[in-house]
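K.L.:
Dropping the sequence and predicted coords here.
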Amino acid sequence: MCVEHNVRAAWVSAIGAVKRAAFAYYEQNDRRYLELASGEHHEIIGFVGNISIRDDRPFLHAHATFGDRSGAAVGGHLLKGCEVFAAEIQVREMTGVELVRTPDEVTGLALW
Amino acid sequence: MCVEHNVRAAWVSAIGAVKRAAFAYYEQNDRRYLELASGEHHEIIGFVGNISIRDDRPFLHAHATFGDRSGAAVGGHLLKGCEVFAAEIQVREMTGVELVRTPDEVTGLALW
Amino acid sequence: MCVEHNVRAAWVSAIGAVKRAAFAYYEQNDRRYLELASGEHHEIIGFVGNISIRDDRPFLHAHATFGDRSGAAVGGHLLKGCEVFAAEIQVREMTGVELVRTPDEVTGLALW
C-alpha cells in the first residue's frame, strides 16, 4: 500500500483484533529477536508504529499490546505472523522528511 | 463534543487514569463482547481510538491498556462504564474523508 | 529539545526498547505517586504522551506500556529513571493552542 501510494515516511496507529498474535522481544545483549506467539484471539489494545525506508523500500516498524479474554496484556515487536481478524489502521504521512534505516553497530538494529 | 463541533472523522489518543476500568473482549467465534471490569484504580498506559459515523452520529471506537498499582497491564475494547479520574485526550480531526460504519457479516461488527 | 525548537504544545508517541523501565502509579486517594521500576530489558509496546507548559517550560507527560522477554506487559506514568536502549519518537507539534499546567485541588495533579 505504501509502495503504491509512494508513502515513504509515516506514523502508524491501529485498533482491532487478531486471530493469532506474533511478536518478538529483542535480546539487547545477544542482539537477536526472541519470537513469541499466541494462537489465542486477542484485542489490539496498544499500538505504536512508523513507516520509513529500509533497503530502498517502505518498511513498517511496529510494536503492539494485545489483550486476551481475561484482559491480560502481552506484546512486543510486531511480526508478520499476525493473523488479523479486523483492524482500523491510520497511516499519517510525514512529508518533507526522509527517514532511512541503516545498520547500527551499537544496537545491532537498523536505525535512522 | 464531536456532535457539537461537527467532527465526523478523527483519530483519538488519551493519557490519564480511571477510578474504574470497563472494557471488553470480542469473542470472534461467538460474535459477542465479553464484558470485563475492575473497580481498582488504573493508569491509562495505552490507547488507540477513532471517531467515525455510526447510525448517522459520531461514534467513538477505542481500545485501551490499563496499569494497576503493581504495574500489571490489562485491557480491551473500551466500554462506557469507565469512570475517569483525570484524562488528557487528543481528538485529531481527519477532514476530507467520510468513514461510515455498517454491519459486516463476516465479523459480526460494524465496520467501515 | 522542545526548549531549543520552542515547541510548547505537542502530542508524543514512541516505539523502542529500554534497558531499565521506570514508571509510577498514582495513588488517587493518597495523591502521591508510587514508584515502580524494573532493571530487566523491555520493549516499549504502548505509549501516549504530550508536551505542554509547566512552570513556564515545556513539560513531557507520558504513560507507557513495556513488554518483557515473556511478552508480559507492565506500565504506568513514565519516570526519568528509564534508560533507553533505542527509541523512535514522534513529537507532533500543536500550533495555535496554549496548554498550561496548574495545580488541581481535586486530583492533586498539575492539569490544564
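P.N.:
Received, thanks.

K.L.:
Work out for me the element the closest residue to chain B within chain A sits within.
P.N.:
Per CB to the nearest CB, the residue of chain A with the smallest distance to chain B is residue A:46, at 2.9 Å. Any C-beta I mention is one placed from the backbone N, CA and C, and that applies to glycine too. Take DSSP states H and E as the rule and residue A:46 turns out to sit in strand A:42-54.

K.L.:
May I have the predicted confidence score for residue A:28?
P.N.:
Among the per-residue scores, residue A:28 shows a pLDDT of 98.

K.L.:
Report the separation between it and residue A:62.
P.N.:
Look at residue A:28 and residue A:62: by CB to CB, to the nearest Å, they are 19 Å apart.

K.L.:
residues in chain A within reach of chain B, list them.
P.N.:
Taking CB under 8 Å from any CB of the partner chain, the part of chain A that reaches chain B is made up of A:13-15, A:17, A:19, A:41, A:43-47, A:65, A:67-73, A:85-86, A:88, A:90, A:92.

K.L.:
Of these, which are in range of chain C?
P.N.:
Within these, those near chain C by CB under 8 Å from any CB are A:13, A:45, A:46, A:47, A:65, A:73.

K.L.:
quick one: which of those is most hemmed in?
P.N.:
Counting neighbours by other CB atoms under 10 Å in any protein chain shown, the top entry in these is residue A:45, with 37 neighbours.

K.L.:
How about that one: what's its closest non-neighbour residue?
P.N.:
Excluding the flanking residues, the one nearest residue A:45 by CB to CB, 6 or more residues apart in numbering or on different chains is residue B:75, at 3.8 Å.

K.L.:
what does residue A:33 give?
P.N.:
In this structure, residue A:33 finds its nearest non-sequential neighbour in residue A:24, 4.0 Å apart by CB to CB, 6+ apart.

K.L.:
And for residue A:63?
P.N.:
Nearest to residue A:63 is residue C:45, by CB to CB, 6+ apart, at 4.6 Å.

K.L.:
buried set for the helix or strand where the residue nearest to residue A:33 lies?
P.N.:
If you go by DSSP H and E, residue A:24 is part of strand A:10-27. For strand A:10-27, burial by neighbour count (16 or more other CB atoms under 10 Å in any protein chain shown) applies to A:10-18, A:21-26.

K.L.:
May I see the buried residues of the helix or strand where residue A:86 lies?
P.N.:
According to DSSP H and E, residue A:86 maps onto strand A:83-93. For strand A:83-93, burial by neighbour count (16+ other CB under 10 Å) applies to A:85, A:86, A:88, A:89, A:90, A:91, A:92.

K.L.:
does residue A:105 count as helix, strand or coil?
P.N.:
Of the three states, residue A:105 takes coil under DSSP: H, G, I helix; E, B strand; the rest coil.

K.L.:
Can you give me the neighbour number for it?
P.N.:
6.

K.L.:
could you measure it against residue A:111, distance?
P.N.:
Residue A:105 is 10 Å from residue A:111, by CB to CB.

K.L.:
count of neighbours near residue A:76?
P.N.:
By other CB under 10 Å, 31 other residues sit near residue A:76.

K.L.:
Give me every residue in chain A lying close to chain C.
P.N.:
Residues of chain A lying near chain C (CB under 8 Å from any CB): A:11, A:13, A:23, A:25-28, A:34, A:36, A:38, A:45-50, A:61-65, A:73-77, A:104, A:107, A:109, A:111-112.

K.L.:
Closest approach to chain C from chain A, which residue is it?
P.N.:
residue A:46 (2.9 Å).

K.L.:
returning to that earlier point: contacts for the strand holding residue A:86, please.
P.N.:
A:1-2, A:7, A:9-20, A:41, A:44, A:51, B:11, B:28, B:50, B:61, B:104, B:107, B:109, B:111-112 (CB atoms under 8 Å, 6 or more residues apart in numbering or on different chains).

K.L.:
quick one, which residue of chain A lies the farthest from its center?
P.N.:
Computed with CA atoms, centre = their mean, the residue of chain A farthest from its C-alpha average is residue A:70, at 23.9 Å.

K.L.:
pretty sure that one belongs to a strand, no?
P.N.:
No. Looking at residue A:70 with three-state DSSP, it is coil, so not inside a strand.

K.L.:
For it, give me its contacts.
P.N.:
By CB under 8 Å, 6+ apart, the neighbours of residue A:70 are B:25, B:36, B:74.

K.L.:
who's in contact with the first one?
P.N.:
This means residue B:25. Residue B:25 touches A:43, A:67, A:68, A:69, A:70, A:71, B:33, B:34, B:36, B:76, B:77, counting by CB under 8 Å, 6+ apart.

K.L.:
quick one: it and residue B:88, what's the gap?
P.N.:
26 Å.

K.L.:
ok, now the second one?
P.N.:
Distance of residue B:36 to residue B:88, given as CB to CB: 24 Å.

K.L.:
Over to residue A:35?
P.N.:
Taken as CB to CB, the span from residue A:35 to residue B:88 is 36 Å.

K.L.:
how close does the residue lying closest to residue A:19 once chain neighbours are set aside sit to residue B:63?
P.N.:
Distances taken as CB to CB, 6+ apart place residue A:83 nearest to residue A:19, at 4.2 Å, with adjacent residues excluded. Separation of residue A:83 from residue B:63 (CB to CB): 18 Å.
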